[in-house]
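J.: Here is the input, now give the coordinates:
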Amino acid sequence: MPYFTEKEMLLYQGAAQYENAPHIYALADNMYRNMLIDNESQCVIISGESGAGKTVNAKFIMNYISRISGGGQKVQHVKDVILQSNPLLEAFGNSATVRNWNSSRFGKYVEIVFSRGGEPIGGKLSNFLLEKSRVVHQNEGDRNFHIFYQLCAGADKNLRSTLGIGELQYYNYLNMSGVFKADDTDDGKEFESTLHALKVVGVNDQEQLEVLRIVSAVLHIGNISFTEENNFAAVSGKDYLEFPAFLLGLTNADIESKLTGRKMESKWGTQKEEIDMKLNVDQANYTRDAWVKAIYARLFDYLVKKVNDALNITSQSSSDNFSIGILDIYGFEIFNNNGFEQFCINFVNEKLQQIFIELTLKAEQEEYVREGIKWTEIDYFDNKIVCDLIEVKRPPGIMSLLDDTCAQNHGQREGVDRQLLTTLSKSFAGHPHFGPGSDSFLIKHYAGDVTYNVDGFCDRNRDVLYPDLILLMQKSSNAFIRSLFPENVAASAGKRPTTFSTKIRTQANTLVESLMKCSPHYVRCIKPNETKRPNDWEESRVKHQVEYLGLRENIRVRRAGFAYRRAFDKFAQRYAIVSPQTWPSFQGDQQRACEIICDSVHMEKSQYQMGRTKIFVKNPESLFLLEETRERKFDGFARVIQKAWRQFAARKQHIKQKEQAADLMYGKKERRRYSLNRNFVGDYIGLEHHPTLQSLVGKRQRILFACTANKYDRKFRATKLDMLLTANHLFLIGKEKVKSGPEKGKIVEIIKRQLDLPQIKSIGLSPYQDDFVIIYMNGEEYTSLLETPFKTEFCTALLKAYKERKNSPLHLDFRDTHVVSYKKMKFDFSDGKRTVQFGCDGSSSAEKTLKPNGKVLNVSIGTGLPNTTRPSTERPQGGYTPRRDQLRTSTRRTNKNTHGAQPMRAPVPAHAMNNNYNQPPPHAAAPTPVSTNHQYNQEPARIPVMGNVISQLNNMNLAASGNSNPAAGRGPPPARGPKPAPPAKPKLNPVVIAVYPYEAQDTDELCFEAGDEIELMNKDASGWWQGKLNNRVGLFPGNYVKE
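T.: Sure thing, here's the model as predicted:
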């Protein structure tokens, strides 16, 4: 349907109710959010006439909740079971009627259980009032349950042969109404959906076959008929016993004996005697139908149990969770011939209407009076009088009198229904909602007057399954059949069976108790016509439904009332965060806290009222204003927490990566002093600014490592290229000039070489501090001689990707001498092999020296750090840390001038900061204007001579005493102090030039762009230097600048 697509789900998810038009998704989203916000279970009661769309709306709600609630694989399984339970139970519990092609013939209450985080973790499905009489009898224009037609239409050749499936017209249980097809229904396709649903809920292939055996057996049993012989029933056509016996694991003789006779137990004092009694044709037909109804009902209960087993909650206590309940029950029914089934169905609908009245019209108005809110009472019809007429025990209602009549006439069928009608007419004479008839009685329900035919009332209320039939099924050779009838017949002998009316009354009251524990929501389905066609509007029918559903009264209450009400403490607890006066704690009265909260969002006084214990908010817009303000507050806090967590996680991951990388080189290769503590970034090219590189390796390929490297050819000449590592390949990408075409002369990037990771044989490295990496390939593949300052990170990433791809480690070969194989050229008569000889020249220089000598390349380099050196993981201790309000916000910088790799900063050593270099010394002179090219340290001005200060203070005291003669009372003038020495000439610090832009990672670091000139104040062997830029002193990585 065009109004229930993914687009609508996204539109209503998280949206305020007033933002969009009314929709079933809006209600579902409101339920889900209220559950999380208020920590309360929710439920929705879907009501309306048969065919009004209750089941469809229930499925829309389930689909929406499954869509918006997150979760992993286990949660997804729960969602699948919830969604697939719909087509499964519809196949076995729904039927086509004259009013609805997919009418629910059972009631279900689905509870989806959620964790505190809002993820569905399980659930429970309760079923009640299955119309099992439909299996053996359908009214004109109706079909049997869908599964029978699906099996006949969708079974393949082998299954049809195994189960003895024939044409629909062949079965008595399917041909009595003359309806075999339902509009807009493909029974064969629906059969495939049913089998898939069985698999999802945990019914394996063998169990599926057993289920279909029973379905087929029910159809075959319906073809067993009886004739009269000597006033007793006899099976007519014993061939019809063959397939039921085969499918149920029974014998023909056993079935025949139980259908044509039964054992009766008689008592003479304390003695018991069993008597074999033969049945007449009517009794045999009744026994056959009772047997079939019991088999089908137990099969349906088995399927419900499988769904509940699949939704079982085992991980957490149910007391810690919340649920959303969805009630889908067949609607109010008024047919030409209404029997016991319609009586029970309409009773349950009457109970649901009572809940609606109690929790909306009645409870809401009573609450306004109780809380002292100004209110004008609105009249409405309370259907409690109708519910009492049906179910009350004292004085006895219809159900109680029905049970009494059945108990007084145990085992008797003739004249019992007439006796019931007489009893009802006497008991309820003059009742405003009851009217007697000649063979029926009338009840004035909330939805209209319904006349019930009493024929079969007592028989269907008894709902008796004779013990002989239970014992018959327990003799089956099929274990699955036996499991459906587990009761102990001997233990239950002599006990009065529970009547159907007692069962439905108990189930209805239990359902009401469950619903009253939740915060209710309501969906009223309006049926626009009786033709079951779209775009057909019968205004009189719609008005009638609006009237009896009480929608006008409910709307009047809603318009005059308040959209939201909460106890003071709950309201203050939820919205305290919106005002600094109530957050994080408030010691005053809770009512005052509510007033402060409303004032903080500038809510008008007319929009809310204070009751005695609750606050009432008039319009939903005011509530959504509070919610939006609250969400913005939490969003700000969440960002702070998220930032701190990401910094912590990144630092932790960084330390882990450095440890893993150090393990690769430990004890095997000398380390470079200025790269030992380098951070691992992965992308040293800036791939977001070079989409061409991503397109070359594939848009969907994740690049694990990228840098610019030197590649040495057979003549040991270096060429710059980009090196990109993915999960499957290593790409070497260079640049070439286009030689022809419209882009002739243009420099483009091309793949020079693509190395498949599983084909890499080993990685060659020297034991010295050089940056060379040699990639050896399997077979006759030639070698790649590369040089990159990020060799450690590259090797770490390559080894990890190789192990994930091939599930084996990649060998690292540390040697002084490596033999490199080059691709053979056309005019090269050599074998294409070259030798690279590594050595140490004994100096402390980190610069390499290359000396080609024919086919040998000699690489010499100074002594590096010992090969047992590990990177530092400590941050500097001490130093000035600014307050929160002094933290600097920096913008992201990009390198506009260079395409090459950018070195990363190393951690600051503990000894790099001995002074609080950001804090000016006491008595410091005011800073002078700073040159944009050079910055110098300004020495503090000299402290004034203390003697001069004392002299000035004495003169001030004399003036204050009134002595105008400066010479009076004064001795010789004190000797003048020495002339202050001129300030020392500032010492010039060296200046370094930034080669790469750098963005500070901490508050004690400098930010700069490429080309900036930084005054160098201190150099540390760890690679972290101290400098000054724009009057700010801080740390920066030394490998980002040049002297």
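J.: going forward, measure contacts and count neighbours with C-alpha atoms only.
T.: Noted.
J.: Tell me which helix or strand comes right after the least confident helix or strand in the chain by mean pLDDT.
T.: Within the chain, judged by mean pLDDT, DSSP states H and E, the helix or strand with the poorest mean is helix 946-961; its value is a mean of 39. Towards the C-terminus, the helix or strand next in line after helix 946-961, according to DSSP states H and E, is strand 991-994.
J.: Partner strands of that following strand, with direction?
T.: Within its sheet, strand 991-994 is paired with strand 1013-1018 (antiparallel), strand 1041-1042 (antiparallel), according to DSSP bridges.
J.: deepest of the ones you listed, which one?
T.: Across these, averaging neighbours per residue (mean count of other C-alpha atoms under 10 Å) puts strand 1013-1018 on top, at a mean of 21.
J.: For it, list the C-alpha coordinates in PDB.
T.: Taking only C-alpha atoms (Å, rounded to 0.1, in the frame of the first residue of the first chain), the coordinates of strand 1013-1018 have been written out as PDB:
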ATOM      1  CA  GLU A1013      58.000  30.300  10.900                       C
ATOM      2  CA  ILE A1014      58.300  29.100  14.500                       C
ATOM      3  CA  GLU A1015      60.700  30.300  17.100                       C
ATOM      4  CA  LEU A1016      62.600  27.200  18.400                       C
ATOM      5  CA  MET A1017      63.000  27.300  22.100                       C
ATOM      6  CA  ASN A1018      64.000  23.700  23.000                       C
END
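J.: Next SSE downstream of it?
T.: Later in the chain than strand 1013-1018, the nearest helix or strand by DSSP H and E is strand 1024-1029.
J.: Just the CA atoms of that next one, as CSV, please.
T.: Coordinates of the C-alpha atoms in strand 1024-1029 are reproduced here as CSV (Å, rounded to 0.1, in the frame of the first residue of the first chain):
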residue,chain,number,x,y,z
TRP,A,1024,59.0,16.8,20.4
TRP,A,1025,60.3,20.3,20.3
GLN,A,1026,59.2,23.4,22.1
GLY,A,1027,58.5,26.6,20.2
LYS,A,1028,56.7,29.9,20.1
LEU,A,1029,54.2,31.1,17.5
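J.: For the strands paired with strand 991-994, give me a markdown table that also has distance to P852.
T.: Listed next are the strands paired with strand 991-994 as a markdown table, based on distance: least, C-alpha to C-alpha, whole Å:
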| stretch | distance to P852 |
| --- | --- |
| strand 1013-1018 | 38 |
| strand 1041-1042 | 28 |
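J.: Which one, of these, ends up nearest to G862?
T.: When these are ranked by distance to G862, counting by C-alpha to C-alpha, first place goes to strand 1041-1042 at 20.1 Å.
J.: And the contacts of the closest one?
T.: By C-alpha atoms under 8 Å, 6 or more residues apart in numbering, the residues outside strand 1041-1042 that reach it are V992, I993, A994, V995, Y996.
J.: got it, and stretch 117-135?
T.: Outside of stretch 117-135, the residues that reach it under the criterion C-alpha under 8 Å, 6+ apart are 36, 66, 69-71, 74-75, 78-79, 93, 105-115, 144-145, 173, 292-293, 296-297, 304, 307-308, 311-313, 341, 344-345, 504, 507.
J.: what mean pLDDT does it have?
T.: Taken as a whole, stretch 117-135 has a mean pLDDT of 89.
J.: Going by neighbour count, list what's buried in that stretch.
T.: Judged by neighbour count using 16 or more other C-alpha atoms under 10 Å, the buried positions of stretch 117-135 are 118-135.
J.: can you tell me which of those are in helices?
T.: For these, membership in helices holds for none, with DSSP state H as the criterion.
J.: low pLDDT regions in this protein?
T.: The chain contains residues with pLDDT under 70 at 1, 266-271, 314-320, 411, 491-494, 674, 826-830, 873-987, 1002-1003, 1021-1022.
J.: Mark out where each domain of it begins and ends.
T.: Taking automatic domain parsing as the domain assignment, the ranges for the chain are 562-634, 666-861, 894-952+983-1043.
J.: Tabulate these in a markdown table, adding columns for distance to H196.
T.: As requested, those are exported to a markdown table (distance: least, C-alpha to C-alpha, whole Å):
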| stretch | distance to H196 |
| --- | --- |
| domain 562-634 | 42 |
| domain 666-861 | 33 |
| domain 894-952+983-1043 | 54 |
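J.: for those, which one sits closest to D276?
T.: The minimum distance between D276 and the domains of the chain falls on domain 562-634, with 68.3 Å, by C-alpha to C-alpha.
J.: Measure how far that closest one is from the centre of its chain, please.
T.: On the basis of C-alpha atoms, centre = their mean, to the nearest Å, domain 562-634 sits 30 Å off its chain's mean C-alpha point.
J.: end to end, how far does that domain reach?
T.: Distances were taken as C-alpha to C-alpha, to the nearest Å; on that basis the terminal residues of domain 562-634 are 27 Å apart.
J.: what does stretch 101-114 give?
T.: Stretch 101-114 stretches 34 Å from its first residue to its last (C-alpha to C-alpha).
J.: from the chain's centre, how far out does it sit?
T.: Centre-to-centre, stretch 101-114 and its host chain are 23 Å apart (C-alpha atoms, centre = their mean).
J.: What of stretch 677-689?
T.: Centroid separation for stretch 677-689 versus its chain: 34 Å, with C-alpha atoms, centre = their mean.
J.: still on that earlier bit, out of the contacts of strand 1041-1042, who has the most neighbours?
T.: Y996 (24 neighbours; other C-alpha atoms under 10 Å).
J.: Confirm for me that that one is in contact with C1007.
T.: No. Under the criterion of C-alpha atoms under 8 Å, Y996 lies out of contact with C1007, with a separation of 10.9 Å.
J.: Overlap in contacts, the two.
T.: Common contacts of Y996 and C1007, defined by C-alpha under 8 Å, 6+ apart, are absent altogether.
J.: Which strand or helix spans K258?
T.: Assessed by DSSP H and E, K258 sits inside helix 252-260.
J.: what packs against that helix?
T.: Packed against helix 252-260, as judged by 3 or more C-alpha pairs under 8 Å, 6 or more residues apart in numbering; DSSP states H and E, are the following elements: strand 232-236, helix 242-248, helix 281-310, helix 467-474.
J.: List the buried residues of stretch 612-629.
T.: By 16+ other C-alpha under 10 Å, the buried positions in stretch 612-629 come out as 614-623, 625-627, 629.
J.: The nearest residue to Q474 once chain neighbours are set aside: neighbouring residues, count only.
T.: Residue nearest to Q474 in three dimensions, not counting chain neighbours: R482, with 5.0 Å by C-alpha to C-alpha, 6 or more residues apart in numbering. Each residue near R482 was counted by other C-alpha under 10 Å, and the total is 18.
J.: Show which residues not belonging to stretch 284-294 make contact with it.
T.: Outside stretch 284-294, the residues within contact range by C-alpha under 8 Å, 6+ apart are 132-133, 135-136, 218, 221-222, 225-226, 233, 259-261, 464-465, 469.
J.: which among those end up buried?
T.: Neighbour-count burial (16+ other C-alpha under 10 Å) is assigned, among the contacts of stretch 284-294, to 132-133, 135-136, 218, 221-222, 225-226, 233, 259-261, 464, 469.
J.: before we move on, back to that, take the contacts of strand 1041-1042 and lay them out in JSON lines including distance to R671.
T.: Converted to JSON lines, the contacts of strand 1041-1042 look like this (distance: C-alpha to C-alpha, whole Å):
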{"residue": "V992", "distance to R671": "25"}
{"residue": "I993", "distance to R671": "26"}
{"residue": "A994", "distance to R671": "25"}
{"residue": "V995", "distance to R671": "23"}
{"residue": "Y996", "distance to R671": "23"}
